[in-house]
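*Asks:* Quick one, what's the 3D model for this:
(2 chains)
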Amino acid sequence: MPPLYRITITGGGMWSKIIGRGKTIRLTDLEGGANVSMLLYNAAERLERYNMPDTLKGQQIFFLTAPYCIHSDMGRIFCSVTEDTAGWHDTVCGCTQARTVEKKYGVKTYQNGRNDFYRNGHENFIIELAKWGLGKRDLIPNINFFSKVTSNEEGRLTFDQDATKAGAHIDLRFEMDTLVILNTCQHPLDPNPVYAPKPVELSVTQATPPGAEDPSRISCPENERAFINTEDYYHLCA
Amino acid sequence: MKESSLDPNRAAYVATVLAGDHWMHEVRKGQTFRILDLEGNQAADTLFYNAHNPEERYSASDTIQQQSNLYLTSGSALISNEGNTLLTIVADTCGRHDTVGGACSRESNTMRYALDKEPMHACRDSFICGLSHWGQGLGKRDITCNINFFMNVPVTPEGRLTFEDGISAPGRYVEMRAEMDVLALISNCPQLNNPCNGYNPTPVQVLIWD
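*Replies:* Have a look, this model is predicted:
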């Protein structure tokens, strides 16, 4: 089935759209070494938003992969990871800021670099959030797809430079009507000293609705209850 | 682990925050702020804001990123969403504080424990009450991922996350110096469903020195 929508997002780029319940986003790392920073909000009530702690503690995980779910702060599920060939997606490191980009990569202004000027994740989020009436108060810890960061017993973090290869993809099946805001700036712990954000393909297809034995639904009792909360929400408001 | 030389009898401000209560107060630049675990194994869910511009606030991800470490202890800088240091931890007799466990809410309790746990009191309701009483137009939108002082949430190298018995004990404390004028908001966690506070929520004390 051809996708309903397909776009290539350039490295250091940004994108935001409302994705309806029952659709799947596929993100593909085109060249290897990509990073996609994402925030999610309920399209109808943007005070409901992605919640890193609920996502982690509900599933007792520190990273995302299939069949885990991405939780809102209201006991519901924005989307389920239905397929993943990368295997590990960071949930805690946030995004770059103007000053961290300058410290790491130096300065390239628009005046000097035209559209290759150095962008940062924080500013890209603020720009896209503003287009939906959101701002700094709505900034929360984001997901970093395709980036693998592990912790040792003392909490020390390590970025794995070989984690994602060209062609790796992850599928997100949306269980709620969701405002998706993303950018493709480099991961803040990426030790590469060169500013070289990678492009990503984003496509949207119609999803198969999750049945009673859906792997994400039954992955843990917490997700089963969050699916009930999500379905109750739509029974009441649909 | 690092002890403080400050004398509690000389503190400019002392208050006790009961389990299930919220507390919000300004800590001015240069002041030292201590949270004392009176009876042990309590979780003090805490948020910080720039007192003059609360849109700037504690950011878990910027804090984790800057120190490349998940846990907080003496020497840790608490970083804002603008990349500035709000406070620096200067003493800590507990040894480790959590940045990724967040706060409980009535809604997340239904997901985590059982649908019928919804009526039980929870931290994010306390945060809403604290922000609403404070004013300045603050509310749910301003509740971001908080620090859990005294809470133990180990992450394994394989990426598992668990909630363990607290590593705190009666009389342990964490102390931080404000690097700008900040607002501190605490929900003293009322959770009864997991071992973060030994199933027995107890009071904490807050102290401020000039």
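*Asks:* Just the strands from chain B, written as ranges.
*Replies:* Assigned by DSSP state E, chain B shows strands spanning B:13-17, B:22-27, B:32-37, B:44-50, B:77-79, B:85-92, B:147-149, B:172-178, B:182-188, B:204-209.
*Asks:* Just give the number of residues close to residue 154.
*Replies:* Using chain A. 9 (other C-beta atoms under 10 Å in any protein chain shown). Heads up, the C-betas are built off the backbone N, CA and C, glycines and all.
*Asks:* Chain B is the one I meant
*Replies:* Neighbours of B:Pro154 using other C-beta under 10 Å come to 18.
*Asks:* shaky segments in the chain?
*Replies:* Here I'm looking at chain A. By pLDDT under 70, chain A has no low-scoring segment.
*Asks:* Next, name the residue at the spatial heart of it.
*Replies:* Centroid-nearest residue in chain A, with C-alpha atoms, centre = their mean: A:Met38, separated by 3.2 Å.
*Asks:* That residue is in contact with A:Phe145, isn't it?
*Replies:* Yes - using C-beta atoms under 8 Å, A:Met38 makes contact with A:Phe145 at a distance of 6.4 Å.
*Asks:* now check stretch A:172-187, is it near chain B?
*Replies:* No - applying C-beta under 8 Å from any C-beta of the partner chain, one finds stretch A:172-187 separated from chain B by no less than 9.4 Å.
*Asks:* ends of that stretch, how far apart?
*Replies:* 20 Å (C-alpha to C-alpha, to the nearest Å).
*Asks:* Now do that stretch: distance to the chain's middle.
*Replies:* Stretch A:172-187 has its C-alpha centroid displaced from the chain centroid by 5 Å (C-alpha atoms, centre = their mean, to the nearest Å).
*Asks:* how close does the residue nearest to A:Asp90 when sequence neighbours are not counted get to A:Gly94?
*Replies:* Excluding the flanking residues, the one nearest A:Asp90 by C-beta to C-beta, 6 or more residues apart in numbering or on different chains is A:Asn144, at 4.1 Å. Noted for A:Asn144: a distance of 8 Å to A:Gly94, by C-beta to C-beta, to the nearest Å.
*Asks:* buried sites along the lengthiest helix in chain B?
*Replies:* Criterion DSSP state H: the longest helix present in chain B is helix B:123-134. Going by neighbour count (16 or more other C-beta atoms under 10 Å in any protein chain shown), the buried part of helix B:123-134 is B:Cys123, B:Arg124, B:Asp125, B:Ser126, B:Phe127, B:Ile128, B:Gly130, B:Leu131, B:Trp134.
*Asks:* picking up where we left off before, can you lay out the strands of chain B as CSV showing mean neighbour count and distance to B:Asn69?
*Replies:* Shown next, in CSV, are those (neighbours: other C-beta atoms under 10 Å in any protein chain shown; distance: least, C-beta to C-beta, whole Å):
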stretch, mean neighbour count, distance to B:Asn69
strand B:13-17, 14, 28
strand B:22-27, 19, 24
strand B:32-37, 23, 20
strand B:44-50, 25, 18
strand B:77-79, 22, 11
strand B:85-92, 20, 12
strand B:147-149, 26, 14
strand B:172-178, 23, 16
strand B:182-188, 26, 22
strand B:204-209, 20, 24
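*Asks:* can you list those in TSV and add distance to A:Glu102 and mean pLDDT?
*Replies:* Shown next, in TSV, are the strands of chain B (distance: least, C-beta to C-beta, whole Å; pLDDT from 0 to 100):
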stretch	distance to A:Glu102	mean pLDDT
strand B:13-17	39	98
strand B:22-27	30	98
strand B:32-37	32	98
strand B:44-50	22	98
strand B:77-79	17	98
strand B:85-92	18	98
strand B:147-149	28	97
strand B:172-178	27	98
strand B:182-188	26	98
strand B:204-209	36	98
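*Asks:* how about the ones you listed, which one is nearest A:Tyr195?
*Replies:* Across these, A:Tyr195 has its closest neighbour in strand B:77-79 (22.3 Å, C-beta to C-beta).
*Asks:* Could you list the residues in contact with the longest helix seen in chain A?
*Replies:* Longest helix in chain A by number of residues, with DSSP H as the criterion: helix A:221-237. Helix A:221-237 is contacted by residues A:21, A:44, A:58-59, A:68-69, A:71, A:74-77, A:175-176, A:210, A:216-218, B:107, B:110-112, B:114-115 when judged by C-beta atoms under 8 Å, 6 or more residues apart in numbering or on different chains.
*Asks:* ok, back up a step: mind putting the strands of chain B in JSON lines, distance to A:Ala98 included?
*Replies:* Shown next, in JSON lines, are these (distance: least, C-beta to C-beta, whole Å):
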{"stretch": "strand B:13-17", "distance to A:Ala98": "36"}
{"stretch": "strand B:22-27", "distance to A:Ala98": "27"}
{"stretch": "strand B:32-37", "distance to A:Ala98": "29"}
{"stretch": "strand B:44-50", "distance to A:Ala98": "18"}
{"stretch": "strand B:77-79", "distance to A:Ala98": "14"}
{"stretch": "strand B:85-92", "distance to A:Ala98": "16"}
{"stretch": "strand B:147-149", "distance to A:Ala98": "25"}
{"stretch": "strand B:172-178", "distance to A:Ala98": "24"}
{"stretch": "strand B:182-188", "distance to A:Ala98": "23"}
{"stretch": "strand B:204-209", "distance to A:Ala98": "33"}
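*Asks:* tell me which strands and helices the longest helix of chain B is in contact with?
*Replies:* The contact analysis (3 or more C-beta pairs under 8 Å, 6 or more residues apart in numbering or on different chains; DSSP states H and E) places helix B:123-134 against strand B:22-27, strand B:44-50, helix B:106-112, strand B:182-188.
*Asks:* Now tell me what touches it from outside.
*Replies:* Under C-beta under 8 Å, 6+ apart, the answer for helix B:123-134 is A:73, B:20-24, B:45, B:47, B:103-106, B:108, B:138-140, B:142-143, B:146, B:183, B:185-191.
*Asks:* ok, 7 Å please
*Replies:* Applying C-beta atoms under 7 Å, 6 or more residues apart in numbering or on different chains, the contact partners of helix B:123-134 are B:20-24, B:45, B:47, B:103-106, B:138-140, B:142-143, B:185, B:187, B:189.
*Asks:* Could you do stretch A:132-145 as well?
*Replies:* Stretch A:132-145 is contacted from outside by A:16, A:27, A:35-39, A:46, A:49-50, A:52, A:64, A:89-95, A:125-126, A:129, A:170, A:179, A:187, B:55, B:60-61, B:81, B:141-142, B:144-145, using C-beta under 7 Å, 6+ apart.
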